[in-house]
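Participant: build the 3D model from these lines:
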Amino acid sequence: MASFQDDKIIKLHEAFSDQFLIGAAVNSKTLKTQRELLIHHFNSLTAENEMKFERLHPAEDLYTFEEADRLVAFAKENSMGVRGHTLVWHNQTPNWMFEDASGRAVNRETLLSRMKNHIETVVSRYKGTIYGWDVVNEAVADSGDELLRSSKWLDIAGEDFIAKAFEYAHAADPAAILFYNDYNESVPGKREKIYTLVKSLKEIDVPIHGIGLQAHWNLEHPSIDDIRQAIERYASLGMMLHITELDVSVFDHKDRRTNLLAPTEEMMERQAERYRQFFELFRAYSEHITSVTFWGAADDYTWLDNFPVYGRKNWPFLFDQNRMPKKAFWDVVKFAK
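Facilitator: Have a look, this model is predicted:
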C-alpha cells in the first residue's frame, strides 16, 4: 500500500496553494498520532480546544499555556500558520469570569476589564505568530426574533461586548486578522442575522476583518445554492472569508442510528461528490476565501464520534481511519489548479 507521503500523492495544501491555506484542527493527541499526515498535507493549524478560555485561563490568576505553546512550536517547526480559536464564547468559559468571590454576578465594568486582560494576555503572547483570531464565537441566536443569543456576556456587559472584544484584540496585535465565527452560517435565517451583526460592527468602525463559516455540513444539507448565497452575502460587506471547521458528516443531524460500523459505499460516493462541489465553490470565490480549515484531519479522530449521538463513529474527512486518502480526496485534488 502506498504511503500518504508517496511522491505520487499530491500534497493537499500544494494543490490549492494559489487559492487558500489548507488547515486542520488539532489537539495534543493528534499532534502525535497524525503528525506525518499534518506535516504532509496541511499548512495551517487551529487548536481544537487548547486555546479556548477554560484551557488557557482556568482561574483569574492562573494561565496555562503549555499545550497551546506546544501547538505553536509544532507549527513553526513545520512552516505552518496558526489560526487562534477562540477568545470570547458562551461555552467553555469558567464561571469565575462572571462571578465575584461570593458567587454573585459581577458588574459590566468588572467583566469587560477581565475580558480585556484575557485578550491582551493571550493575543500579545502570540503576536506575530498567530495570523488570525476567531475573536467572538457563536453570539448570534439560532432562531426567533432576537439577534443575539442569551449569554452571560450579553446579560452582564450588554450588546457591545462584541465590539469591545474586537477592539481589545486589535490593540493587542494590530497585524492579526480578526473574525466573527459561527455555525449554521448558510441557513438563510441565521445568515441574515450574521450579516446584520457584522454590518452593524462595520458601520461603527469596529476592527473586524472577516467572517468564519464553520461549515459543519453533511451529505444533504445545506444546499450548494444556500452556501453560495451565504458566501456572496458576507463578501458583499467587504469581509475576508475563512472556512473554519469543515467536516462532512455521513449522517443527517436528525439521524440517530448507532448500528453502522463502517460507512456504506453510497455514503462515500456522496461524500466525495459533496467535497468536490464544496471545493469547486471555494475556488470560484477564492478572491474572498483565503483559508479552508477542516475540524480535524482524518477519520481516526473526529468530534462527530460523540455528537450529536455519543459514542457513534463518523467518517467526515478526506482521509480514512488509517490516514489514507479516500475517494473524496482524489475528487477534490484532481481538478485543483
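Participant: what does stretch 189-197 rub up against?
Facilitator: 139-143, 147-148, 162, 180, 182, 184-185, 211, 226, 229-230, 233-234, 237 (C-beta atoms under 8 Å, 6 or more residues apart in numbering). Using the backbone N, CA and C atoms, a C-beta is placed for each residue, glycine as well.
Participant: kindly report the same for stretch 213-228.
Facilitator: Here stretch 213-228 has contacts from 181-183, 185-188, 191, 230-231, 234, 241-253, 267, 270-271, 274, 277-278, 281, 295, using C-beta under 8 Å, 6+ apart.
Participant: re earlier: which among the contacts of stretch 189-197 end up buried?
Facilitator: 139, 140, 141, 162, 180, 182, 184, 185, 211, 230, 233, 234 (16 or more other C-beta atoms under 10 Å).
Participant: just the contacts of stretch 189-197: which are in helices?
Facilitator: Among the contacts of stretch 189-197, the residues falling in helices (DSSP state H) are 162, 226, 229, 230, 233, 234.
Participant: filter the contacts of stretch 213-228 down to the buried ones and hand me the PyMOL line.
Facilitator: What follows is the PyMOL syntax for the buried subset of the contacts of stretch 213-228, where burial is set by 16+ other C-beta under 10 Å:
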select buried, resi 181+182+183+185+186+187+191+230+231+234+241+242+243+244+245+246+247+248+249+250+251+267+270+271+274+278+281+295
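Participant: let me see the ranges of the helices in the stretch 151-300 of the chain.
Facilitator: Using DSSP state H, counting those that start in this stretch, the helices of the stretch 151-300 of the chain run over 152-157, 161-172, 188-203, 224-235, 265-284.
Participant: so residue 282 makes contact with residue 290?
Facilitator: No. With contact defined as C-beta atoms under 8 Å, residue 282 does not reach residue 290; the gap is 10.2 Å.
Participant: which one's more surrounded, these two?
Facilitator: Remark: of residue 282 and residue 290, residue 282 carries more neighbours, 23 against 17, as counted by other C-beta atoms under 10 Å.
Participant: now the more buried one, nearest residue through space, not along the chain?
Facilitator: residue 289 (5.2 Å; C-beta to C-beta, 6 or more residues apart in numbering).
Participant: that neighbour: how many residues sit nearby?
Facilitator: Neighbour count of residue 289, defined by other C-beta under 10 Å: 22.
Participant: hey, what's it bridged with?
Facilitator: Residue 289 has the following beta-bridge partners by DSSP bridges: residue 241.
Participant: and the pLDDT for it?
Facilitator: Note on residue 289: pLDDT of 98.
Participant: got it, and the one 5 residues further on?
Facilitator: If you check residue 294, the pLDDT there is 98.
Participant: mutual contacts of residue 282 and residue 290, please.
Facilitator: Among the neighbours of residue 282, those also in contact with residue 290 (C-beta under 8 Å, 6+ apart) are residue 20.
Participant: next up, the contacts around residue 47.
Facilitator: 25, 26, 27, 67, 68, 71, 84, 85 are the contacts of residue 47 under C-beta under 8 Å, 6+ apart.
Participant: and with 7 Å instead?
Facilitator: For residue 47, the contacting residues are 26, 68, 71, 85, by C-beta atoms under 7 Å, 6 or more residues apart in numbering.
Participant: what does residue 253 show for phi and psi?
Facilitator: Main-chain torsions, residue 253, degrees, to the nearest 10: phi -60, psi -30.
Participant: give me the number of residues near the nearest residue to it once chain neighbours are set aside?
Facilitator: Excluding the flanking residues, the one nearest residue 253 by C-beta to C-beta, 6+ apart is residue 308, at 6.3 Å. Close neighbours of residue 308, defined as other C-beta under 10 Å, add up to 12.
Participant: could you say which helix or strand contains residue 308?
Facilitator: Using DSSP states H and E, residue 308 falls within no helix or strand.
Participant: any idea of the pLDDT on it?
Facilitator: Value listed for residue 308 in the pLDDT field: 92.
Participant: gap between it and residue 251?
Facilitator: For residue 308, the distance to residue 251 equals 9 Å [C-beta to C-beta, to the nearest Å].
Participant: list the residues that contact residue 92.
Facilitator: Here residue 92 is in contact with 52, 53, 54 (C-beta under 7 Å, 6+ apart).
Participant: please name the residues that touch the last one.
Facilitator: Contacts were defined as C-beta under 7 Å, 6+ apart; by that measure residue 54 touches 92, 93, 94.
Participant: farthest pair in the ones in helices among the contacts of stretch 189-197?
Facilitator: The most widely separated members of the ones in helices among the contacts of stretch 189-197, counting by C-beta to C-beta, are 162 and 226 (24.8 Å).
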